[in-house]
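Undergrad: A predicted structure for the sequence below; I have some questions about it.
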Amino acid sequence: MEIKNKVTIKIAGTEYTVKGSEPEEYIHKLGFFVDKKMTQIMEKNSMLSTCMAAVLTALNIADDYMKAEEKNKALQDELEKTKKELAALKEENERISAENKILVSSNTQLQLELSKSESELREARKTFERFSNRNEGNKR
């Protein structure tokens, strides 16, 4: 069972007792916010009744809320788009990493083949030099 807080707040000079499950500090913060908005409206037009000022305050707060909701929706959409882009980049990164492993393996294999070919070439040159040196010795 939720604990209900009983909090007294003051809006436009009138005290209201509010019950809620939110922390007392939060309820005071809400009261202060509404009081500030309502005071701003009443300062702009001192001829407004408290009831009319409350309705205008509610409309202004509703406007702020709707704009915040629209902005939140736009940010949520942007977040989803960013998540999809991130997933695509991770997928591409995995593909490139796999391709890189294949290329590294291929490069290692090619280096081994090159080393073997260089060794065979050195042996062939030595054999050729020995053969050439024998042939020159036979010509003399």
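TA: Done, it's in. Numbering: from 1, shown residues only.

Undergrad: how about the strands in the chain?
TA: 5-11, 14-20 (DSSP state E).

Undergrad: what packs against the longest helix anywhere in the chain?
TA: Longest helix of the chain, by residue count under DSSP state H: helix 50-139. Judged by 3 or more Cβ pairs under 8 Å, 6 or more residues apart in numbering; DSSP states H and E, the packing partners of helix 50-139 are helix 24-44. Any C-beta I mention is one placed from the backbone N, CA and C, and that applies to glycine too.

Undergrad: tell me how far the helix it packs on is from the chain's mean position?
TA: Relative to the centre of its chain, helix 24-44 is centred 34 Å away, using Cα atoms, centre = their mean, to the nearest Å.

Undergrad: may I have that helix as CSV, with CA atoms only?
TA: The C-alpha coordinates for helix 24-44 follow below in CSV (Å, rounded to 0.1, in the frame of the first residue of the first chain):
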residue,chain,number,x,y,z
GLU,A,24,7.1,16.0,0.0
GLU,A,25,9.9,18.0,-1.6
TYR,A,26,8.6,17.1,-5.0
ILE,A,27,5.0,18.2,-4.2
HIS,A,28,6.4,21.5,-2.9
LYS,A,29,8.4,21.9,-6.1
LEU,A,30,5.3,21.4,-8.1
GLY,A,31,3.4,24.0,-6.0
PHE,A,32,6.2,26.5,-6.4
PHE,A,33,6.2,25.9,-10.2
VAL,A,34,2.5,26.5,-10.6
ASP,A,35,2.6,29.5,-8.2
LYS,A,36,5.4,31.1,-10.2
LYS,A,37,3.6,30.5,-13.5
MET,A,38,0.3,31.8,-12.2
THR,A,39,2.0,34.9,-10.6
GLN,A,40,3.6,35.7,-13.9
ILE,A,41,0.2,35.6,-15.7
MET,A,42,-1.5,37.7,-13.0
GLU,A,43,1.3,40.3,-13.1
LYS,A,44,0.7,40.7,-16.9
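
Undergrad: who's in contact with D35?
TA: Shown in contact with D35 (Cβ atoms under 8 Å, 6 or more residues apart in numbering): 9-12.
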